[in-house]
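Enquirer: My questions are about this predicted structure, shown below with the sequence.
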Amino acid sequence: MRPVVIPGPGVFIPAPIAAALAPTLTRTFSEARRAGYYIDPDVMEAVERLVVVGSAWADRHRNVAGVPNLDTSRSDEFESISVQQAARQLNVSETAVKARLRRGTLQGVKVGRRWRVDAQMVHAEAECR
């Protein structure tokens, strides 16, 4: 495995890991841009390099299974917001939002260690209050 080399201080990332991270990073940065967040050009360049290397590796290794714990498809099913944003809109605590997510009374997905909450569901519920 050849690592992705990014100039300056950083880490080496093996190409298969870049291939697994690329879709999630691309989607996350697209969401951040749509939301109007500033993204440092150096960070964007590093992500673009990861995407290029990861895509090239994935093209050469199509028969290799993806990373099983990295489900990148689920968060595309709805527009999502953070737990903090949901808590503010619903006027409840973050703990209450997470409890509702675990019970299934609020729709969301866990991406890594963080929850993403269905923005439309939160908005509709907030309007009913």
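Expert: Structure received.

Enquirer: my guess is K98 meets W115, correct?
Expert: Yes. If you go by Cβ atoms under 8 Å, K98 and W115 touch, sitting 6.3 Å apart. Heads up, the C-betas are built off the backbone N, CA and C, glycines and all.

Enquirer: any residues in contact with both of those two?
Expert: Both K98 and W115 are contacted by V83, under the criterion Cβ atoms under 8 Å, 6 or more residues apart in numbering.

Enquirer: Now do the buried residues in stretch 118-129.
Expert: Applying a neighbour-count criterion of 16 or more other Cβ atoms under 10 Å, one finds 118-119, 121-122, 125 buried in stretch 118-129.

Enquirer: quick check, nearest of those to A35?
Expert: Using Cβ to Cβ, A119 comes nearest to A35 of the buried residues of stretch 118-129, at 10.8 Å.

Enquirer: Let me know the distance separating that closest one from S80.
Expert: 6 Å (Cβ to Cβ, to the nearest Å).

Enquirer: same check, this time on Q120
Expert: Applying Cβ to Cβ, the value for Q120 to S80 is 10 Å.

Enquirer: Where do the domain boundaries of the chain fall?
Expert: 3-60, 78-128 (automatic domain parsing).

Enquirer: All set now, cheers.
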